[in-house]
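> how would this look folded up:
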Amino acid sequence: MAVGLWGLLGRLPPQPFPSGSHSFPSASQCPQPFSIGSQSFPSVSQCPQISHNSQSLPGYSHSFPSVSQCPQPFSSGSLLLPKDSQSLPGGSQSLPSGSQCPSDRLGAAALWVLAQLMLAEAAEQCLPGHSFETLWVMLEQDRVLHVELHHPEKRNAMNMAFWREMVECFQDIGQDSSCCAIVISGAGKIFTAGIDLMGMGSEFTMVEGEDRARKAWNLRRKICEYQETFSVLEKCPKPVIAAVHGAYVGTGVDLISACDICYCAQDAWFPGEDRWEVDIGLVADVGTLQHLPKIMGSQSLINELAFTAHKMMAPEAQSSSLVSRVFADKETLLQGALEVATTIAARSPVAVQGTKVNLLCSRDHPVPKSLRYVANWNMSMLQTEDILKSVQVVMEKKGPEDVPFSKL
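Numbering: from 1, shown residues only. I've put the predicted structure just below:
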């Protein structure tokens with residue numbers, strides 16, 4: 001996964017070290033020394049007295065030597081421990097620092113590496129093909145994907161990689177027939193700090209071109225590319241639920257306004273001291289000014305927000321229809337969003353995805369044209385077997401979750 005192994009350790013459940021099933025060879029069994037600098041381990045073939053099955057992880061060909069083979073002390077930096085923690089997954093076991101427990105240092109290091117390898121293997125098996133630098137894609141429920149903005153050390157600021165990976169991610173998910181609904185959230189204390197101005201300032205101030213016309217042409221092309229980062233949420237046929245906590249600043253509003261459903265925690269707010277685009281001399285150009293008038297009921301409030309960027313808290317966001325539900329905290333927010341996503345995913349994908357397409361059509365077109373569109377749509381989609389299956393479970397007094405709908 002793009003977030004790295006420490007992200008996996010923080011999300012996946014701890015993998016216990018089976019009692020008695022793994023032991024470490026003594027110095028006499030493995031003549032090859034353990035290298036601290038390279039983090040290499042002697043292979044099983046170098047230890048003839050040891051069984052491959054009892055000494056190595058499945059799929060891996062390396063076992064771990066005893067402390068007596070390593071005269072160099074173990075230091076927390078040699079295995080890239082995070083700065084704020086020396087704990088194994090779950091927090092129940094901790095690794096000694098370079099100055100503690102000399103006789104146990106290598107044993108702790110070996111256990112830590114063992115846990116890393118096991119969890120990395122489990123994560124790769126979870127969602128192969130969804131690997132990004134700034135996004136973490138997880139299968140939370142059956143047919144429900146959870147996409148997390150995962151750059152918490154930068155408050156999930158939207159850097160160059162993010163703008164590219166959002167398009168790649170949701171284009172992939174849109175073609176993934178095993179996914180029927182999506183929840184998008186942010187890692188860390190806030191949802192997002194908006195655009196990464198420090199990392200992306202040169203994108204707009206140093207535009208290539210021999211004259212002003214060519215520079216303008218190239219700049220317009222870039223703006224259109226960035227618009228696609230959030231337009232892809234609408235184009236994805238699967239319903240997308242935004243679960244917002246903490247601040248959602250600047251382009252964070254563009255993101256959530258492109259989602260189909262938006263929930264927030266009680267602590268959610270925008271834009272506050274970080275402001276909207278208007279406070280840094282920009283006209284918002286990736287979706288906010290186009291979406292909000294069709295989401296919020298008051299044009300006067302929309303104008304006020306766009307012109308002044310006043311701080312809006314969760315209750316006001318709900319009363320103005322920017323979000324439809326407010327939860328007590330991030331934990332209950334994610335639980336509620338995933339429950340709704342699971343409910344959606346239990347319905348016929350032909351019906352759900354067709355409903356999203358037609359809702360967007362009715363939003364952007366007059367009623368007569370939208371009616372003609374849905375008539376054309378249903379002249380083919382009404383022939384789906386999902387209707388007969390759904391009627392049958394209703395007659396049997398069962399729910400949609402009992403219908404074995406085919407993938408779409």
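> Please count neighbours and contacts with C-alpha atoms only from this point.
Fine.
> where does the chain have low pLDDT?
Low-confidence segments of the chain (pLDDT under 70): 1-110, 112, 115-130, 271-276.
> Which parts of it are helices?
Remark: helices assigned in the chain by DSSP state H are 5-11, 52-55, 105-126, 160-174, 197-205, 212-235, 251-257, 288-295, 299-308, 314-319, 330-345, 349-364, 367-381, 386-395.
> Next, the angle helix 349-364 makes with the longest one.
Between helix 212-235 and helix 349-364, the angle formed by their directions is 130 degrees, by axes from the mean of the first three to the mean of the last three CA atoms, to 10 degrees.
> then helix 212-235 to CSV, C-alphas only?
Only the C-alpha atoms of helix 212-235 are listed here, as CSV (Å, rounded to 0.1, in the frame of the first residue of the first chain):
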residue,chain,number,x,y,z
ARG,A,212,1.1,35.3,-23.1
ALA,A,213,-1.4,33.5,-25.4
ARG,A,214,0.5,30.2,-25.2
LYS,A,215,1.0,30.5,-21.5
ALA,A,216,-2.7,31.1,-21.1
TRP,A,217,-3.5,28.1,-23.2
ASN,A,218,-1.2,25.9,-21.2
LEU,A,219,-2.6,27.2,-17.9
ARG,A,220,-6.2,26.5,-19.0
ARG,A,221,-5.2,23.0,-19.9
LYS,A,222,-3.7,22.5,-16.4
ILE,A,223,-6.9,23.9,-14.7
CYS,A,224,-9.0,21.5,-16.7
GLU,A,225,-6.8,18.6,-15.6
TYR,A,226,-7.2,19.6,-11.9
GLN,A,227,-11.0,19.9,-12.4
GLU,A,228,-11.0,16.2,-13.4
THR,A,229,-9.7,15.3,-9.9
PHE,A,230,-13.1,16.0,-8.4
SER,A,231,-15.3,15.6,-11.5
VAL,A,232,-14.2,11.9,-11.4
LEU,A,233,-16.3,11.5,-8.3
GLU,A,234,-19.4,12.4,-10.2
LYS,A,235,-18.4,10.3,-13.2
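> helices or strands next to that helix in the packing?
helix 160-174 (3 or more CA pairs under 8 Å, 6 or more residues apart in numbering; DSSP states H and E).
> Need the contact partners of the helix it packs on.
Residues outside helix 160-174 that contact it (CA atoms under 8 Å, 6 or more residues apart in numbering): 130, 132-135, 179, 199-200, 226, 228-230, 232-233, 236-238.
> picking up where we left off before, okay if I get the helices of the chain as a markdown table plus mean neighbour count and distance to residue 270?
As requested, the helices of the chain are exported to a markdown table (neighbours: other CA atoms under 10 Å; distance: least, CA to CA, whole Å):
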| stretch | mean neighbour count | distance to residue 270 |
| --- | --- | --- |
| helix 5-11 | 16 | 27 |
| helix 52-55 | 16 | 54 |
| helix 105-126 | 18 | 34 |
| helix 160-174 | 18 | 21 |
| helix 197-205 | 11 | 18 |
| helix 212-235 | 16 | 18 |
| helix 251-257 | 24 | 8 |
| helix 288-295 | 17 | 13 |
| helix 299-308 | 14 | 10 |
| helix 314-319 | 18 | 9 |
| helix 330-345 | 19 | 16 |
| helix 349-364 | 16 | 25 |
| helix 367-381 | 13 | 34 |
| helix 386-395 | 14 | 42 |
